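Undergrad: based on what follows, work out the 3D shape:
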Amino acid sequence: MDREIDILIPGEINPDLILSDAGLEVLFGQHETLVENFAMTIGSSSAIFACATARLGLRTTLIGVVGDDLFGKFMCTALEKRGVDISQVVVDSRVSTGLSVILNRRSDRAILTYLGAIDRLRAEQVSDDLLARARHLHVCSVFLQHNLRPGLGMLLDRAKKFGLTISLDTNWAPRGEWEEVKRWLSYADVFLPNEQEALAISGKENVGEALNALSKISRIVAIKLGSKGAIAQMGSEVVTAKALEVPLVDTVGAGDSFDAGFLYGFLNGWDLERSLRLGVVCGSLSTRAAGGTDAQPTIEEAAQYL
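TA: Modelled structure (predicted):
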């Protein structure tokens, strides 16, 4: 499909403030805790994913809302520097840019999030003209995007009518709204949950059963298994890929980088096994630095591990 946008992402846009310490414990009662490291990085699944696809060479457009403030300017500048098209980002002076504070213990983390502008994007703001310019629509982190969700089914339907392929990575539903997810999955060419999400949505007790059940709804399902790699199914074909052994610094955004790698293969007509392998490579390599974007690979770097 000869269109100017490879991947269009309606999503949330906010920075992450990351406080890192291998032995981090937070105590209340006015107790001050010192940490080893601090960083302010590009946050939010949508923005981290956008950076990953742009880094791989896909023409990437992100549409979302930020406030007219320091954090909003930081995000727009950082995204543009990484090759993401931000021409569709809405700057709303009536609201503050969202923010996540991440307490990182390397292999585990806690996240405190102020929504602000994170949930201000509405489905109708993704215009038919914008859809007509894109090849693929990727939607993630829908349970933080409260104003996008009511019109999401209609947005997916419009995207299909314009000939776009669709991928979903819903992230965790904090109130267990999984039945809503099943309705969206019927539109998805590619569904990209992690293990816990796949089990919750399918109602199955193990990954194999969940994969088989979900692949009857979405054409392709790829389940992220963390340090165990990933598994995917298309029709009767099932493939697996092991994670790379790399120095682990931070797992923030690894799933989003996995999604980017897998979809790079999907959009370039790769077979299922090679696409899954690229997803695992991109997810693994992204954990080498703090934050979700600083260690994302180019396609040339990732190809060395294929």
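
Undergrad: and stretch 46-65, how far out from the chain middle?
TA: Distance of stretch 46-65 from the chain centroid (Cα atoms, centre = their mean, to the nearest Å) equals 10 Å.

Undergrad: next: stretch 278-294.
TA: 12 Å.

Undergrad: and the end-to-end length of that stretch?
TA: Length of stretch 278-294, first residue to last, Cα to Cα, to the nearest Å: 18 Å.

Undergrad: can you check stretch 128-141 too?
TA: Stretch 128-141 end-to-end distance (Cα to Cα) = 22 Å.

Undergrad: buried ones in it?
TA: Going by neighbour count (16 or more other Cβ atoms under 10 Å), the buried part of stretch 128-141 is Leu130, Leu131, Ala134, Arg135, His136, Leu137, His138, Val139, Cys140, Ser141. For every residue, glycine as well, the C-beta is placed using N, CA and C.

Undergrad: what distance separates stretch 272-279 from the centre of its chain?
TA: With Cα atoms, centre = their mean, you get 17 Å for stretch 272-279.

Undergrad: again, but for stretch 67-79
TA: The answer for stretch 67-79 is 19 Å, by Cα atoms, centre = their mean.

Undergrad: so which bits of it are buried?
TA: Of all the residues in stretch 67-79, those buried under the rule 16+ other Cβ under 10 Å are Gly67, Phe71, Gly72, Phe74, Met75, Cys76, Ala78, Leu79.

Undergrad: of the residues you listed, which belong to helices?
TA: In helices, judged by DSSP state H, the following of the buried residues of stretch 67-79 are found: Phe71, Gly72, Phe74, Met75, Cys76, Ala78, Leu79.

Undergrad: in the chain, where is pLDDT below threshold?
TA: 1, 106-107 (pLDDT under 70).

Undergrad: ranges for the helices of it?
TA: Here the chain has its helices, by DSSP H, at 45-56, 70-81, 128-132, 152-161, 178-185, 195-202, 207-214, 254-267, 272-285, 299-303.

Undergrad: please identify the deepest-packed of those helices.
TA: Comparing those by mean neighbour count (mean count of other Cβ atoms under 10 Å), helix 45-56 comes out on top with a mean of 28.

Undergrad: just flag the most distant two among the buried residues of stretch 128-141.
TA: Using Cβ to Cβ, the pair of the buried residues of stretch 128-141 lying farthest apart is Arg135 and Ser141, separated by 21.3 Å.
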